[in-house]
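Peer 1: Fold the following and give me the result.
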Amino acid sequence: MEKENDENDTVNKPTKQEDVEPTATMTNHRNESPDVDSKDNRRGIPIDKGWGWVCVFACFMMHVIIVGIGKSFGILFIPFAEKFGSSSRETAWITALMAFVALSGGPCANSLSVRYSSRKVVFIGGLLAALGCVLSAFATRIWHLYITYGVISGIGSSLAYAPSIVLVGQYFDKRRALANGLAISGAGVGTFVMPLLMRFFLDVYSVEGTMIVLGGVVLNVCICGMLLRPTEFYTKQHDKKNSFNFHNKKNSLETHNNRSTVAKVTVTSTVEERSRLLSEQESKNDVSMTRETNGDTCDVSMDTCDVSMDTCDV
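Peer 2: Numbers count the residues shown, from 1 in each chain. The predicted structure is shown next:
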């Protein structure tokens, strides 16, 4: 019998290797993660509508200008090589350095856009890119272009390119793929249009004039940057509105509490007044009853005196 009981106990005991089935509570805890793109966390930002499409247009135009000029540098390759008497390798370093600086500065540009807003960063980037193009017109050595067009314009292009793409993603949720596709398609349009414009500028204004005109074209990036309304504009308005509603509810609640307090005080004073009147009435009744009792006592005493006098006479 003892052996059978031991065997039953060993069968009923769960082993350590048994898998515990996840309960609904455990599953919910695992799946609970804050959704950054949810509409509750966006606090008033117009999702997939409104100003987001203006940001898409601004990003499209920046791709037309920045990427278009960068991809069309081959139009200026031979004029620069002839002007400075440089080799193909030395001349190719201009566009190579510009592309390296523009693309490698993306993380830094995004960090600056988070701290100072995309509008400010893109505006400053447009100014730097235009400044680099204008200074390139006054270069007297090939290495001057490494600094002006390669570094200065490269930094400006990096500041203008990366934050605009990130901002478009913040305005869209369901249509984010469409919005990003439309914004980036400006690169193809710029690659098609800018070589024609640069060829026309070279025929009319020479290399120096072409770089100055391109600087004016790049200044349009600043206008596009002004169209990039940061999402903090909506979140601040939303928080301000919620704070205003909260204060109104708080004031109304305080007013209601004050009214309730006044009503309680009024009721309490009324009850106290009534109790005071009742106590006064009871005291008056007690006095009158005492007086009546004293009168009856006096009458009884007088009768007793009369009886005693009659007894004496007898």
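Peer 1: what stretches of the stretch 101-250 of the chain score poorly on pLDDT?
Peer 2: Along the stretch 101-250 of the chain, segments meeting pLDDT under 70 span 233-250.
Peer 1: and with 80 instead?
Peer 2: Scanning the stretch 101-250 of the chain for pLDDT under 80 picks out 231-250.
Peer 1: Could I get the full set of strands for it?
Peer 2: Secondary structure of the stretch 101-250 of the chain (DSSP state E, counting those that start in this stretch): no strands located.
Peer 1: Please, where are all the helices along it?
Peer 2: 106-116, 118-136, 142-145, 153-171, 176-184, 186-218, 220-226, 232-313 (DSSP state H, counting those that start in this stretch).
Peer 1: Quick check: closest non-adjacent residue to residue 93.
Peer 2: residue 146 (6.3 Å; CB to CB, 6 or more residues apart in numbering). (Each C-beta comes from the backbone N, C-alpha and C, glycine too.)
Peer 1: Wait, the one you found touches residue 97, no?
Peer 2: Yes. Residue 146 is within contact range of residue 97, at 5.7 Å (criterion: CB atoms under 8 Å).
Peer 1: what sits in contact with each of those two?
Peer 2: Common neighbours of residue 146 and residue 97 (criterion: CB atoms under 8 Å, 6 or more residues apart in numbering): none identified.
Peer 1: any idea how far residue 104 lies from residue 97?
Peer 2: Applying CB to CB, to the nearest Å, the value for residue 104 to residue 97 is 11 Å.
Peer 1: One more: residue 87?
Peer 2: Residue 87 is 16 Å from residue 97, by CB to CB.
Peer 1: Tell me if I'm right that residue 174 and residue 52 touch.
Peer 2: No. Assessed by CB under 8 Å, residue 174 is found out of contact with residue 52, at 11.5 Å.
Peer 1: When those two are compared, which one has more neighbours?
Peer 2: Neighbours were counted for residue 174 and for residue 52 using other CB atoms under 10 Å; residue 52 has more, 23 against 9.
Peer 1: Secondary structure element for that one, which one?
Peer 2: Take DSSP states H and E as the rule and residue 52 turns out to sit in helix 51-62.
Peer 1: by contact count, what packs against that helix?
Peer 2: Helices and strands touching helix 51-62, by 3 or more CB pairs under 8 Å, 6 or more residues apart in numbering; DSSP states H and E, are helix 153-171, helix 176-184, helix 186-218, helix 220-226.
Peer 1: Nearest to residue 80, out of these?
Peer 2: helix 186-218 (6.8 Å; CB to CB).
Peer 1: The closest one vs helix 51-62, what angle?
Peer 2: Calculated by axes from the mean of the first three to the mean of the last three CA atoms, to 10 degrees, helix 186-218 forms an angle of 70 degrees with helix 51-62.
Peer 1: Within its local environment, how many residues does residue 200 see?
Peer 2: Residue 200, neighbours per other CB under 10 Å, totals 12.
Peer 1: For it, give its distance to residue 213.
Peer 2: Using CB to CB, residue 200 is found at 10 Å from residue 213.
Peer 1: What residues of stretch 75-86 count as buried?
Peer 2: 75-76, 80-81, 83-84, 86 (16 or more other CB atoms under 10 Å).
Peer 1: for stretch 132-152, same thing?
Peer 2: Buried-residue list, stretch 132-152, by 16+ other CB under 10 Å: 132-137, 139, 142, 144-152.
Peer 1: Where does the record place the domain boundaries for this protein?
Peer 2: 46-230, 232-303 (automatic domain parsing).
Peer 1: What's the local residue count around the nearest residue to residue 107 once chain neighbours are set aside?
Peer 2: In space, and not counting its chain neighbours, residue 107 is closest to residue 162: 8.0 Å by CB to CB, 6+ apart. For residue 162, the neighbour count with other CB under 10 Å is 25.
Peer 1: related to what we said a few turns ago, more neighbours: residue 104 and residue 97, which one.
Peer 2: residue 97 (18 against 11).
Peer 1: quick one: the more buried one and residue 148 touch, right?
Peer 2: No. The criterion here is CB under 8 Å, and residue 97 misses it with residue 148 at 10.7 Å.
Peer 1: any idea how far the residue nearest to residue 67 when sequence neighbours are not counted lies from residue 86?
Peer 2: Spatial nearest neighbour of residue 67, excluding adjacent residues (CB to CB, 6+ apart): residue 187 at 4.0 Å. According to CB to CB, residue 187 stands 28 Å off from residue 86.
Peer 1: Please state the backbone phi and psi of the residue lying closest to residue 117 once chain neighbours are set aside?
Peer 2: Using CB to CB, 6+ apart and skipping the chain neighbours, the partner closest in space to residue 117 is residue 230 (4.2 Å). Note on residue 230: its backbone torsions stand at phi -70, psi 150 [degrees, to the nearest 10].
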